[in-house]
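**Q** Here is a sequence with its predicted model. Questions after.
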Amino acid sequence: MITCPKTRAEAEAYRYNEWAGNPGGSAYRLTRCAYEVYPHVLSHGRQCLHKPGKGPDGLYCGQHAKKVK
C-alpha cells in the first residue's frame with residue numbers, strides 16, 4: 001500500500017526512491033505532484049513528474065488526486 005502525504009509538512013518530510021543503495025532517498029519537490037510512482041515493475045519509486053494543484057493541500061496532479069482520499 002502506498003502512503004500518500006496529505007499535508008505540505010508531510011510531503012516535505014517524505015523521501016522518494018529510498019532503498020539500500022540510496023538510503024537518504026530524494027526530497028520532495030514543490031513543482032511536482034507528491035504521488036510516488038513506480039515507472040517499471042522492478043524499479044524504485046519516484047515522485048510523479050506532473051504539475052500539482054489538486055487534491056489535499058494542492059499536492060497532486062489531476063490523475064493522482066482521484067486516488068488520494
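**A** In hand now; what should we look at?
**Q** Show me where the chain has its helices.
**A** 8-13, 62-65 (DSSP state H).
**Q** Reformat those helices as CSV; add distance to Gly45 and mean pLDDT.
**A** Every residue, glycine included, has its C-beta placed from N, CA and C. Converted to CSV, those look like this (distance: least, C-beta to C-beta, whole Å; pLDDT from 0 to 100):
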stretch, distance to Gly45, mean pLDDT
helix 8-13, 14, 94
helix 62-65, 13, 94
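**Q** hey, which of those helices is tucked in deepest?
**A** helix 62-65 (a mean of 16; mean count of other C-beta atoms under 10 Å).
**Q** same for that helix, what does it pack against?
**A** Helix 62-65 is packed against no helix or strand, with contacts defined by 3 or more C-beta pairs under 8 Å, 6 or more residues apart in numbering; DSSP states H and E.
**Q** Grab the CA positions of that helix and hand them over as PDB.
**A** Extracted C-alpha coordinates of helix 62-65, given in PDB (Å, rounded to 0.1, in the frame of the first residue of the first chain):
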ATOM      1  CA  GLY A  62      -5.400  15.700 -11.600                       C
ATOM      2  CA  GLN A  63      -4.700  12.000 -12.200                       C
ATOM      3  CA  HIS A  64      -3.400  11.200  -8.700                       C
ATOM      4  CA  ALA A  65      -5.700  13.500  -6.800                       C
END
